[in-house]
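In: sharing a model prediction with you, sequence too.
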Amino acid sequence: MPSFLTRKLPLQDETTVFILVNVLDIFMTYILLRFGAIEANPIANFFLHRFGFNGMIFFKLAITAGVCVIAQVIAAESIAKAKGLLAVGTLLVGLVVAYSTYLFITKIL
């Protein structure tokens, strides 16, 4: 088996947390939309209306994958900068998830 398939990627743990938080964002978006909320992100809203929820999932996961690839490219030069990118991304999306959870608890339940 090629070694690139078995070795650990730089910032693998940070990347995993970033992906998890983005999946939680998709989950919370689904829950809120099921209860009548609207998608506030105009680009995601375009994909939602044009291609349905699966299109919006594709859009959000494509952005997530793009950030992960960019972080790996940056990590080749500077682990600290790549770690910072993933940390900021995780924080920002985490705040969106927290706000979505707040909206669900206070406005829908």
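Out: Right, received. Where do you want to start?
In: which strand or helix spans the spatially most central residue of the chain?
Out: Residue closest to the average C-alpha location in the chain (Cα atoms, centre = their mean): Asn22, at 2.5 Å. Secondary structure assignment for Asn22, by DSSP states H and E: helix 12-34.
In: between the next helix or strand after that helix and helix 12-34, how many degrees?
Out: Where DSSP H and E defines the elements, the next helix or strand beyond helix 12-34 is helix 42-77. Orientation of helix 42-77 against helix 12-34 (axes from the mean of the first three to the mean of the last three Cα atoms, to 10 degrees) gives an angle of 180 degrees.
In: pLDDT of helix 42-77, averaged?
Out: Helix 42-77 shows a mean pLDDT of 97.
In: got the buried residues for that helix?
Out: Across helix 42-77, burial judged by 16 or more other Cβ atoms under 10 Å covers 44, 47-48, 56-57, 59-60, 64, 67-68, 71, 74-75. Where C-beta positions appear, they are placed from N, C-alpha and C, glycine not excepted.
In: for stretch 80-98, same thing?
Out: Buried, per 16+ other Cβ under 10 Å, within stretch 80-98: Ala82, Lys83, Leu85, Leu86, Gly89, Thr90, Val93, Gly94, Val96, Val97.
In: isn't Phe51 up against Ile57?
Out: No: using Cβ atoms under 8 Å, Phe51 is not in contact with Ile57; the gap is 9.4 Å.
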